[in-house]
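Engineer: What follows is a predicted protein model with its sequence.
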2 protein chains.
Amino acid sequence: MFDLTGKHVCYVADCGGIALETSKVLMTKNIAKLAILQSTENPQAIAQLQSIKPSTQIFFWTYDVTMAREEMKKYFDEVMVQMDYIDVLINGATLCDENNIDATINTNLTGMMNTVATVLPYMDRQMGGSGGLIVNVTSVIGLDPSPVFCAYSASKFGVIGFTRSLADPLYYSQNGVAVMAVCCGPTRVFVDRELKAFLEYGQSFADRLRRAPCQSTSVCGQNIVNAIERSENGQIWIADKGGLELIKLHWYWHMADQFLHYMQSNDEEEQE
Amino acid sequence: MFDLTGKHVCYVADCGGIALETSKVLMTKNIAKLAILQSTENPQAIAQLQSIKPSTQIFFWTYDVTMAREEMKKYFDEVMVQMDYIDVLINGATLCDENNIDATINTNLTGMMNTVATVLPYMDRQMGGSGGLIVNVTSVIGLDPSPVFCAYSASKFGVIGFTRSLADPLYYSQNGVAVMAVCCGPTRVFVDRELKAFLEYGQSFADRLRRAPCQSTSVCGQNIVNAIERSENGQIWIADKGGLELIKLHWYWHMADQFLHYMQSNDEEEQE
């Protein structure tokens, strides 16, 4: 269980759709500070959020998740002046453009990882931080392949691989930063857009998707916050059909016995 | 079963380690043409390959998998002058640099996808090609997370998501291009290098890995070719411990019944 009361939350995402709905729910949780880092200004959304809970401090910065790591470091040095510390980092910046593989991967995967690598030292218990939680808001097609959105699916598979790797006890036991992901099923805001399939053979499927029955973004946002509150390190949740499901993670590779024995043996054994 | 006899094979990878060993085995299969696209020249390796089968034409081009899509198109237009057509595209360019997330993702994932998107039209049955096979040579930590190499694992998870998505019958039934992946377990050439963990807490594990007992690259290369010859569209193989295993793919998301019903219904039903 993760108690959001009094927490300093940093949300990286365009404050529309799922991110806005999730932020609305966060504002009902007595958090102390909410930093919103997004690509464009959206003062109406900020005002709407502030009206939910006037005592929570909201900060806003324009943020390009694809900026270079060196710039990102300088950027967060400034963010930290206002935030003091970050308890929760939520990564929700997302792009689905099958015609632009680079932009899709850079936004959804590389940008998210660079953000995490930049923010982690501020959260790390061994580096003066207090530990905390990193939440990757991603998609069900990061778990299962997509017949239509090949690049998007690849980027979201990457998010799952990164989340599961960084959640390893090797890191968590040292830095105290738990990592989790919430995979959203199709929402109205996603399928409402004009979406291009990776190859034109998939386009009729993509077009069809636009009129599919989907969960509302507000219910999805509520369930993302539910998942955060119920989270333990390394968990992956599915927020779909208006519900929330904790998934059982599958492992494929049976590490060679000899290899496993070696990695588990201590140095003395090794030198015998 | 995929018969390599007389085929035109294009191998994108540095011609050392696994790629060289795999190419040696390919040269014993009576292929007609082998194009090697790699970042640096390696005339010794080419000579060694040619000596295995003098009648197979080998072409070599320096290739940067991270080049822009527009350049890539021009590049392959030139490659096709020599190759006439491509039956098999093998993607094996790989980088593991946890200090450089961008380069790792760009090489392993974005560059591979851009290459595939560029080459696919030449192979596509509906665009004058003859269909064929795309082989992604990747890693077991694209299937399971890595406690040490978070960025590398993310990139390789992405490769699996892309492979599974592009193998969808929606595409394969139209373009006749099968897609598969072979996930290599740890090999000597991988663990021999100095490898940095994503966070320093993992470094002792990474160092330890360097002296771990691993399969040889030559056996791994043999098994990659075995997998290619035995492949069917959408299959994912593990080449580890000197063996080859076809994995059973796991699905996590139970698509909402209403959504599934909608996507499967035909247009007449929809208009009722």
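Structural biologist: Thanks, I have the structure now. Computed from a predicted structure; not experimentally measured. Numbering: from 1, shown residues only, chains lettered A, B, ... in the order given.

Engineer: okay, CA-based contacts and neighbour counts for the rest of this
Structural biologist: Will do.

Engineer: residue ranges of the helices in chain A, please?
Structural biologist: In order along the chain, chain A carries the following helices (DSSP state H): A:17-26, A:43-52, A:69-83, A:101-105, A:111-123, A:150-166, A:169-175, A:188-191, A:203-209, A:217-230, A:257-264, A:267-271.

Engineer: do you know which of the ones you listed lies nearest chain B?
Structural biologist: Distances from chain B to each of the helices of chain A were compared using Cα to the nearest Cα; the shortest belongs to helix A:150-166, at 4.1 Å.

Engineer: touching chain B at all, that closest one?
Structural biologist: Yes - where contact is defined by Cα under 8 Å from any Cα of the partner chain, part of helix A:150-166 touches chain B, namely A:150-151, A:153-162, A:164-166.

Engineer: returning to that earlier point: could you look over the helices of chain A and pick the most buried one?
Structural biologist: Counting by mean count of other Cα atoms under 10 Å in any protein chain shown, helix A:150-166 has the highest mean neighbour count of the helices of chain A, with a mean of 31.

Engineer: Could you list every helix and strand in contact with it?
Structural biologist: Packed against helix A:150-166, as judged by 3 or more Cα pairs under 8 Å, 6 or more residues apart in numbering or on different chains; DSSP states H and E, are the following elements: helix A:101-105, strand A:132-139, strand A:177-184, helix B:150-166.

Engineer: One more pass at 7 Å, please.
Structural biologist: The helices and strands touching helix A:150-166, judged by 3 or more Cα pairs under 7 Å, 6 or more residues apart in numbering or on different chains; DSSP states H and E, are helix A:101-105, strand A:177-184, helix B:150-166.

Engineer: Columns mean pLDDT on top of these, output as CSV?
Structural biologist: As requested, the helices and strands packed on helix A:150-166 are exported to CSV (pLDDT from 0 to 100):
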stretch, mean pLDDT
helix A:101-105, 98
strand A:177-184, 98
helix B:150-166, 98
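
Engineer: out of the ones you listed, which comes closest to A:F59?
Structural biologist: Each of the helices and strands packed on helix A:150-166 has some distance to A:F59 by Cα to Cα; the shortest is strand A:177-184, at 22.8 Å.

Engineer: tell me the angle of the closest one relative to helix A:111-123?
Structural biologist: Using axes from the mean of the first three to the mean of the last three Cα atoms, to 10 degrees, one finds that strand A:177-184 and helix A:111-123 are set 150 degrees apart in direction.

Engineer: What strands line up against strand A:177-184, and which way round?
Structural biologist: Listed by DSSP bridges, the sheet partners of strand A:177-184 and their directions read strand A:132-139 (parallel), strand A:236-240 (parallel).

Engineer: Now do the last one and helix A:217-230, the angle between them.
Structural biologist: Taking the same axes, to 10 degrees, strand A:236-240 and helix A:217-230 form an angle of 160 degrees between their directions.

Engineer: ok, now the longest one?
Structural biologist: Compare the direction of strand A:132-139 with that of helix A:217-230 by the same axes, to 10 degrees and you get 150 degrees.

Engineer: Identify the residues contacting stretch A:33-40?
Structural biologist: Counting by Cα atoms under 7 Å, 6 or more residues apart in numbering or on different chains, the neighbours of stretch A:33-40 from elsewhere in the structure are A:7-15, A:56-64.

Engineer: Tell me how far the residue nearest to A:E41 when sequence neighbours are not counted lies from chain B.
Structural biologist: If the residues on either side of it in the chain are set aside, A:E41 comes closest to A:T62, at 6.6 Å by Cα to Cα, 6 or more residues apart in numbering or on different chains. The spacing between A:T62 and chain B, counted by Cα to the nearest Cα, to the nearest Å, is 22 Å.

Engineer: For A:T62, give the beta-bridge partners.
Structural biologist: A:Q38.

Engineer: Next up, the contacts around it.
Structural biologist: Listed by Cα under 7 Å, 6+ apart, the contact set of A:T62 reads A:37-41.

Engineer: A:A103 too?
Structural biologist: Contacts of A:A103 (Cα under 7 Å, 6+ apart): none.

Engineer: What pLDDT is listed against A:C15?
Structural biologist: Residue-level confidence at A:C15 comes out at 69, pLDDT.

Engineer: cool, the one 3 residues further on as well?
Structural biologist: At A:I18 the predicted local distance difference test score is 94.

Engineer: how about the nearest residue to it, chain neighbours excluded?
Structural biologist: Excluding its sequence neighbours, the residue lying closest to A:I18 (Cα to Cα, 6+ apart) is A:T217, at 5.2 Å.

Engineer: doesn't A:L20 make contact with the one you found?
Structural biologist: No - counting by Cα atoms under 7 Å, A:T217 stays clear of A:L20, with 8.9 Å between them.

Engineer: Overlap in contacts, these two.
Structural biologist: When contacts are counted by Cα under 7 Å, 6+ apart, the set common to A:T217 and A:L20 is empty.

Engineer: before we move on, the earlier item: which one of the contacts of A:T62 sits in the busiest neighbourhood?
Structural biologist: Within the contacts of A:T62, neighbour counts (other Cα atoms under 10 Å in any protein chain shown) peak at A:L37, which reaches 23 neighbours.

Engineer: Please list the residues of the stretch 151-272 of chain A that sit near chain B.
Structural biologist: For the stretch 151-272 of chain A, the contact set with chain B under Cα under 7 Å from any Cα of the partner chain comprises A:151, A:153-155, A:157-159, A:161-162, A:164-166, A:168, A:170-171, A:201-202, A:212-214, A:241, A:251-253, A:256, A:258-259, A:262.

Engineer: low-scoring stretches of the stretch 101-250 of chain A, by residue?
Structural biologist: Applying pLDDT under 70 to the stretch 101-250 of chain A picks out no residues at all.

Engineer: And the spatially most central residue of chain A, how far from A:A13?
Structural biologist: Geometric centre of chain A, nearest residue: A:N136, 1.6 Å, by Cα atoms, centre = their mean. Counting by Cα to Cα, to the nearest Å, the gap from A:N136 to A:A13 is 11 Å.

Engineer: Which neighbours do those two have in common?
Structural biologist: Taking Cα under 7 Å, 6+ apart as the contact definition, A:N136 and A:A13 share the neighbouring residues A:91-92.
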